[in-house]
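Undergrad: turn this into a model:
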Amino acid sequence: MRTVGGRWSRQYRDERSWLRGAPPPRWVRVLPVALLVGVIAATAASRNYLDLGFLLGAIPPLAVLSYGPAATALLGAMVIVVLHIPATHLNRPGNTDLLTIIFVAVLSVFVSYVRSHRDAQLITERTVAEVVQRAVAPPLPERVGRIRCTGLYRAAQHGTLVGGDFFDVRDGPYGVRAVMGDVQGHGLSAVATVVSLLGAFREAVLDQPDLESVAARMDRRLTVDSAGVRHAELFATAMLLEFSGDARSVRIVACGHPPPLLLHDGRVREVGIESGTPLGLGLVGIDPPKEVTVALSPGDRLFLASDGVWEARDDSGDFYQLPERLAELARDRSTALTKLVWWDLVRHCGTIRDDTTMLVLAPDLR
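TA: From the prediction side, this is the model:
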């Protein structure tokens, strides 16, 4: 999900609520003990000896939410003990009430035992999933060669770190190269395609002399992958960039992907580029995409975004105006630009239903 600062897993854990696998908040853990103490204090302080014993039956089930079987059993035992202490004025439960509370306490211990074992299994599976997904799309470094990098990724499928969008920045013998792409579909079903494309890009960075050849290598990878699948229709859009050795210019090739935006002297302009055919159709090698070279100045930044940003709409169907909003948000240098755009996008559209990817590349020309 997030690659800003290279810390995916921490953001991933923070974004999960306790109802989705995160540890329960402190108030949930304190609630059973607080209820026990509160009932005892209220009945002891009451002159009319309030009959609040029925509330104690809720303590073992509440303990299940955050405690293991041993602690749940201890709290259940404390409830039964409290019911037999004369000083608490709760020592008059009927046999039926007492048996009910004992039954609830024993059942809660069993439920806690099952939950604890399932939680342990889920933690193991989640840890493995995070490792695998970070291997597919490792955290983006803050700097590659002379290029400062900031990226942000939000997968449409909740609880995943990768989906149908991808980006990467690599240094090689021909300079720093970057890619952003969007494969057909989104979520976990598109991960296999992302793996193929990223593998082809990382290999091509090392031995292909120009961006057209890199695009052709990625196109061939997808074509081969879909050759044996009937009606596969496997394709992806992509944007490829290559910075010169002194980082004063960048060459750009587009394969069906939205153009990058150049932030220069407080203004935002769309880089004019003729987009070629998407990858996976087998046409890149026949009709290579046209390359555009853009001069860069100190302070310039290139902003790349996926369709999830360009085509985002609010409830009334109005598109998110990325260039206009970017010009305003870029004035704030205190926070990463990708985070500002993400917050602004959520504020405009509400629920985001597509993979959302942003990448900012800033040459260091000091």
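Undergrad: where does the stretch 251-366 of the chain dip in pLDDT?
TA: For the stretch 251-366 of the chain, residues meeting the criterion pLDDT under 70 lie at 285.
Undergrad: quick one: the helices in it?
TA: 307-310, 322-329, 337-349 (DSSP state H, counting those that start in this stretch).
Undergrad: what are the buried residues along the second one?
TA: Buried residues in helix 322-329, counting neighbours by 16 or more other C-beta atoms under 10 Å, are found at 322, 325-327, 329. Where C-beta positions appear, they are placed from N, C-alpha and C, glycine not excepted.
Undergrad: okay, the angle between that helix and helix 337-349?
TA: Here helix 322-329 runs at an angle of 120 degrees relative to helix 337-349 (axes from the mean of the first three to the mean of the last three C-alpha atoms, to 10 degrees).
Undergrad: hmm, who's touching helix 322-329?
TA: With contacts defined as C-beta atoms under 8 Å, 6 or more residues apart in numbering, helix 322-329 is touched by 261, 263, 266-270, 303, 305, 309-310, 337, 340-341, 344, 348.
Undergrad: sorry, back to before: with distance to L62 added, can I get the helices of the stretch 251-366 of the chain in a markdown table?
TA: Shown next, in a markdown table, are those (distance: least, C-beta to C-beta, whole Å):
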| stretch | distance to L62 |
| --- | --- |
| helix 307-310 | 41 |
| helix 322-329 | 45 |
| helix 337-349 | 34 |
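Undergrad: and D300, how far is that from L99?
TA: 76 Å (C-beta to C-beta, to the nearest Å).
Undergrad: who's more crowded, the two?
TA: Higher neighbour count among D300 and L99: D300, with 19 against 11, using other C-beta atoms under 10 Å.
Undergrad: helices or strands up against whatever helix or strand R134 lives in?
TA: Applying DSSP states H and E as the criterion places R134 in helix 95-136. If contacts are counted by 3 or more C-beta pairs under 8 Å, 6 or more residues apart in numbering; DSSP states H and E, helix 95-136 sits against helix 8-15, helix 59-64, helix 69-82, helix 191-207.
Undergrad: now the element after it, going C-ward?
TA: That would be, after helix 95-136 and using DSSP H and E, strand 143-144.
Undergrad: what average pLDDT does that following strand get?
TA: Strand 143-144 shows a mean pLDDT of 94.
Undergrad: list of residues touching it?
TA: Against strand 143-144 from outside (C-beta under 8 Å, 6+ apart): 149, 169-171, 176, 364.
Undergrad: repeat the analysis, applying 6 Å as the threshold.
TA: For strand 143-144, contacts defined as C-beta atoms under 6 Å, 6 or more residues apart in numbering pick out 169, 171, 176.
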